[in-house]
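Novice: Provided below are the primary sequence and the corresponding predicted coordinates.
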Amino acid sequence: MSGNDDADEQHRYRPPHTEKHQIPTISRYREEKKARQSAAQQYGDQGDQTDYGERQEVDRPYEPEDFDAGESQNQQEDDESPVDTSEADAGAEDPRTRRKDLKKRKDERADREVTDPVTHLPVWIHDLTSAALEEVPENEEPFGSTTRTATGLSNKRKSGDQLQQETRDLQQGHDDMRTLFPPPNFDTIQTELADISRRGVTIGLIGVVVLLVLAGALERLVNSDSIAGHLNEKTSIPRWSVRLTLWAILGSAASGAVAALIWAVRDWMGKRIESLWDDEIWNANGEKTVASSEGHDTESVAWLNALLGSVWPLINPDLFTSLADTLEDVMQASLPKMVQMVSVNDIGQGSENIRILGIRWLPTGAAARAVNEDGKLEKSDQDKANDRQVSGEGEVQNGEKGQNGNGNGNDQTEQAQDGSQQQTAEGLEAEDGDFINMEVSFAYRARSGKRSIKDRANDMHLYMAFYLPAGVKFPVWVDLRGVVGTVRLRLQLCPDPPFFSLCTFTFLGQPKVELSCTPLSKHAVNIMDVPLISNFVQSSVDAAMAQYVAPKSLNLDLKDMLAGDDFKKDTDARGVLVVNIKRGYDFKTGDQGIPLIKDGSSDPYVSVGWAKFGKPMWSTRLLLNEMEPWWDETAYVLVTPEELNVDERIRVQLWDSDRMTADDDLGRVEVDLKEIMRRDESNSKMWHREDGFRALKKGENMPGKLEWSIGYFSKARIQQCQLEKQTFDPQIKSLEQLEKKADEVCQRKLREAHIKEGRHKGDADELEQQKAQEFKSMQDAMVISSPPPDGFPSGVFSIQIHQITGLELEKVSKTQNEKAEEGNDEEEEGEGLPSAYCTVIINHNKAFKTRTKPKNAKPFYNASTERYLADWRSAEVYVSVRDARVKEDDPLLGIVHLPLWEVFKERSQVNGFYPVAGGIGYGRIRLSMVWRSVQLQAPPESLGWQYGTLEIPSPISEVEVSEELKHFKLKFHTDLGSGKMYPDKHSGTWKSKHDQSLKLPVHKRYSTSLAIEFRHTGTFRDQTPAFAVLWLKNIPDEEEKEMTLNVWKGDYERATKNALPECGEKVGTIKLRLTFWNGLGSAHSKWASKQKEVSDVVEVLEAARDNLEEMQHEKEAGIVDGEDTDSSDEEHGNGKVEGDDGEGKKGPVEKVKDLKKQQGHLSRQNRGVMQWKIPRTAQWASHKLERTESKLHGLFHHHTKQSGIETEV
């Protein structure tokens, strides 16, 4: 793969909720609804100048010039043109009357014209109202509830009269079916029969003449007189007898030939007449169907409703889990402050089925052409690369964009693209290959007269619970009273079962839904509907449905859904963008100086992000009072279809950090993403640039320049080592064999399609498209069935959290155990169940957090995240599950440890259940993980972790400096810690106090330097006459390196903050050995205790270490089989236990440490004193006070625009 391929491909998918695809909320839905109604009102107030029926012509977004010249030729060839398939009928009534009615209903209907995501043509839609719902009649009696549909024992009790009536009904139905095949057109039949008769007579006469001629010629050739004379001489047989016999033989042969010819002609005529009759009957049926559908374009769906009604009660309610999950997320994101959480505990479809009101097929419209951001159809260009060739990759065609590398754009028109805008773009992509369009109207209405909960259970319903302060549970029964709507579908066809691949789904207007909510109590039922709750739940349903109202749409991969493949086989990211920020200079000052006292300066840092998304994703370190900053830091940004679909630009922005006010914008540089992906200078290599800064307003420049580099690295194609190890098709060992196999498969699949009449046009393109899809499908299957390739350790890691099953809290108190033994049914109602959420920790850094699923033993998440990892061979992933509690620290329910070198040992894709252990709960969590390498081969120094511990052995002996400096102490600094070594006059070396190695904690290793000061103790303060600097990005992980550093004399503060090539005057060298141990260790303890997120990670690591020790003890006791264990959880560099005297005895210090460790373990398990709520609440208050103090202290510090933890909300 290359950048050009990635930029020219397109991807359609439904991502989980992220910062860019936020969970819909009621407030956002109401804002959008209000805007629709306001626009409709302004449109309706235009007066008599333009009536409703004329709007479709006046304000159509597509003008004739929008269609290219080549389209007319296509229309002549196909005898079809894109047709507006809207249901609007301008001539149904007087326009003035219609406009008045519209004005009365505009607040609720919100009539508007949008682009249909299915046909890509304009269509007038409106939101459905209560009046439309009232017009829907009730369903017929459910299948099996009447005598006519009875089954089983009820079927045996039918009387003779009932059976006779059903017999008459069946015969009548059969007769009605026969009327579907009316008599043919006799005029046409007469003409065809005459033609067949003429052909038969002509062929018969010609055949007889030919046979007679042949018989005469044969008689001449045989010469009967010579044969008769010859026989007369030998046998004395009369000549006339021989001649008569020969003539009889020839006559018999001729008569047989004529009879055979007559039989053949009669048989041909009979078959031809039968075929003609059948064809005319079929054509007559088709003509009747077309004629009957001219007045009403929908198909009869009585049979479909009957089938749906019979199978509806048998459908497994678990199929609706995703709907309940979506509704719960919307309500959770929109809860009022007085409600702590809400949970949907059960969903049921009841026995009353949804009714299909009508189905009709739609023209293909302009679905094969993309729609740009302005709502205009892209011009048809036969030479343009297909943007929908391979399902699962690529971009939307958004018109011809400028390729100016330094394009700015106006921020006033470049607001951040929210999920709805991107969702609209994804639904308006060009569709290639075979597809069908259809429109379905549906409705549901509960039976009237039902009052009891038992009767209401036959309707669609939800059982949910609101949780109020003080743990008060408020259960509610939600009854669906009715729904009506219209949906359009586009189904992409494929040659493999189920013969449908992608489905585009959109509502034509907001469906109308009516709900009623009934509060429930444990001892009685309150049948009074609560309007406040009903409005809240109904608004949540409306907000969820509004995500799929045209022009928005939902894209589903039906093939994978029906096959049960609900896990990823590939990453969403197409590749990775590498951005290296070198330095900046000559930019303007952010802080004004004071004349004659202080010069103006800046506190600069650089952020990297997407121009349209707006939010920075990464930033460099902050350099105080610096006008010539040297950063030399590198960012890795994933490129996904979300960016390709909206033609994103990478934005590199310079900021001046301020303590109390918003940071100042000092300039920006923007480059088009697709330009980076396609240019030879940046495709799979780094492009070194020097750009001037631009202002916020388009066209204005700002002082200053930026030296930086950028490059795009796409995902690596399948390698030879993977072909040799893949298990998908072991017979394929090379790319040539893979291409040949894909070609053979496609030729076989499309064999029948190519010989079909009328399919000559476009067969070659269809075959190439199918080949590309088959090749990608087979290649992806081989990639995930083999381990990651050798030589490409860097890549994209994707993890998806599907669900947790059997989640429960451990019973730690006697009361809880007694309740469990009594079989208390509170667990079924949600009491005592955890409100779980998951966090993903990658390389000891918290990266992702799911939403909370309240009071649920089987929480369903389907949440995923993707990250760039420098080296999968050393990466560790932890998935922790916590219980969200009020006025308590969220306790750890359990963890899952995933060392990627073990996870991807045999396959690049893993899917399965993992036990959740190490906390206060139990359960099994389903995870799926995918790894895809990228074409980036970084040096070993760039493959490490951010967190780590720098170990510097003592003593240091090889130092070449002046005699004066040899008497100074050495002080070592990292971003989190420091250590000292003192000169030894006798040995001429520097040693630590106990002659032990210094272990310095490191937080941001790739933006941190090791600073070594030669410190001199002065009268008032210590002085630093010389120093050495080592940037930790220049050393690899877990490998002892011997480094010779220059000793400088100059500006120590600037040299340790800026990655300068020269730090001043060189006055000597110092040689030292050091090792960087990756991960959090004991050296981070003091700092981690003050950081909430880091302390959570430390708790997870301690739980993992306890799990490892418990496993080792079980193996030593023989409880489990001894196997090779993973020691990754042990602290690096600590080969032996401190204080161990070799005889198993421990001193007082070690005993105190063990006691603290045991107390921490009990606290984590909510045992000991922590099994009661009061101590846990006190601990929470103490931690909250510490974090508040830390926040207040940080208010007066400088900050950068670092991205936080990714969440779904």
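Specialist: Looks like it arrived, so ask away.
Novice: How about the contacts made by residue 340?
Specialist: Residue 340 sits next to 467, 468, 469, 886 when contact means Cβ atoms under 8 Å, 6 or more residues apart in numbering. Placement of C-beta: from N, CA and C, glycine included.
Novice: okay, and for the stretch 901-1050 of the chain, where does confidence drop off?
Specialist: Scanning the stretch 901-1050 of the chain for pLDDT under 70 picks out the ranges 1018-1022.
Novice: quick revisit: now restrict the contacts of residue 340 to buried residues only.
Specialist: Among the contacts of residue 340, the ones that count as buried by 16 or more other Cβ atoms under 10 Å are residue 467.
Novice: tell me the two of the contacts of residue 340 that are most distant?
Specialist: The span of these, defined through Cβ to Cβ, is set by 468 and 886 at 10.8 Å.
Novice: end to end, how far does stretch 1038-1057 reach?
Specialist: With Cα to Cα, to the nearest Å as the measure, stretch 1038-1057 spans 25 Å from end to end.
Novice: Quick check: phi and psi at the closest residue to residue 952 other than its chain neighbours.
Specialist: Setting aside the residues directly before and after it, residue 952 is nearest to residue 998 in space (Cβ to Cβ, 6 or more residues apart in numbering), at 4.4 Å. In terms of degrees, to the nearest 10, the main-chain angles of residue 998 are phi -80, psi 140.
Novice: burial of residue 998, as a residue count?
Specialist: By other Cβ atoms under 10 Å, 20 other residues sit near residue 998.
Novice: Can you give me every residue that contacts it?
Specialist: 950, 951, 952, 954, 972, 979, 981, 992 are the contacts of residue 998 under Cβ under 8 Å, 6+ apart.
Novice: So for the contacts of residue 340, which is the shakiest by pLDDT?
Specialist: Among the contacts of residue 340, residue 469 has the lowest pLDDT, at 77.
Novice: how close does the closest residue in space to that residue that isn't next to it in sequence get to residue 307?
Specialist: Closest residue to residue 469 apart from its sequence neighbours, by Cβ to Cβ, 6+ apart: residue 340 at 6.4 Å. Noted for residue 340: a distance of 44 Å to residue 307, by Cβ to Cβ, to the nearest Å.
Novice: and what of residue 1105?
Specialist: 58 Å.
Novice: If you count surrounding residues, which of the two has more?
Specialist: Taking neighbours as other Cβ under 10 Å, residue 1105 and residue 307 compare with residue 1105 leading, 16 against 13.
Novice: What are the buried residues along stretch 316-330?
Specialist: Going by 16+ other Cβ under 10 Å, stretch 316-330 has these buried residues: 321, 324, 325, 326, 327, 328, 329, 330.
Novice: Can you pick out the ones from those that are in helices?
Specialist: 321, 324, 325, 326, 327, 328, 329, 330 (DSSP state H).
Novice: didn't the second one look like it was pressed against residue 463?
Specialist: No: the pair residue 324 / residue 463 is not scored as a contact, 9.8 Å apart, by Cβ atoms under 8 Å.
Novice: Quickly list what's touching both of those two.
Specialist: What both residue 324 and residue 463 touch, as defined by Cβ under 8 Å, 6+ apart, is the set 344, 347.
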